[in-house]
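> Predicted model, plus sequence, below.
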Amino acid sequence: MAVAPVKEAELACEQALKVGTIEALEDYLHRYPNAPTACKALALNSLSQFAAEGGNGNGGDGGGRYGG
């Protein structure tokens, strides 16, 4: 039985948030750029916190690169 696309995106996002690395979050956002999930907002927020703590210095673009 196949997992529904939204459910699959939610599970992948949940896993990325548990891992908690920039790489995991970016991988999720690249794999599911248009996922209509609340979890996507949490992932984008987590990435912007990395940037605010001295990450790549882009100031958190709100995920525009990922279709968000």
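Ah, there it is. As the structure is a computational prediction, the values presented were derived from the model and not from experiment.
> in this protein, which ranges drop under the pLDDT threshold?
For the chain, residues meeting the criterion pLDDT under 70 lie at 1-3, 54-68.
> May I have the residues that are in contact with the residue most central in space within the chain?
The chain has residue 43 as the residue nearest its centroid, 3.5 Å off, counting by C-alpha atoms, centre = their mean. Residues counted as contacts of residue 43 (C-beta atoms under 8 Å, 6 or more residues apart in numbering) are 13, 16-17, 25, 28-29. The C-beta positions use only the backbone N, C-alpha and C, and glycine is treated the same way.
> try 6 Å this time
Shown in contact with residue 43 (C-beta atoms under 6 Å, 6 or more residues apart in numbering): 13, 25, 28.
> Is the first one in contact with residue 29, as I believe?
No: when contacts are counted by C-beta atoms under 6 Å, residue 13 is not listed as touching residue 29 (8.9 Å).
> Could you check which of the two is surrounded by more residues?
residue 13 (24 against 21; other C-beta atoms under 10 Å).
> what helix or strand does that one sit in?
For residue 13, the element it lies in under DSSP states H and E is helix 5-19.
> And that helix, what does it pack against?
Counting contacts by 3 or more C-beta pairs under 6 Å, 6 or more residues apart in numbering; DSSP states H and E, helix 5-19 packs against helix 22-31, helix 38-52.
> For that helix, what is the distance to the chain centroid?
9 Å (C-alpha atoms, centre = their mean, to the nearest Å).
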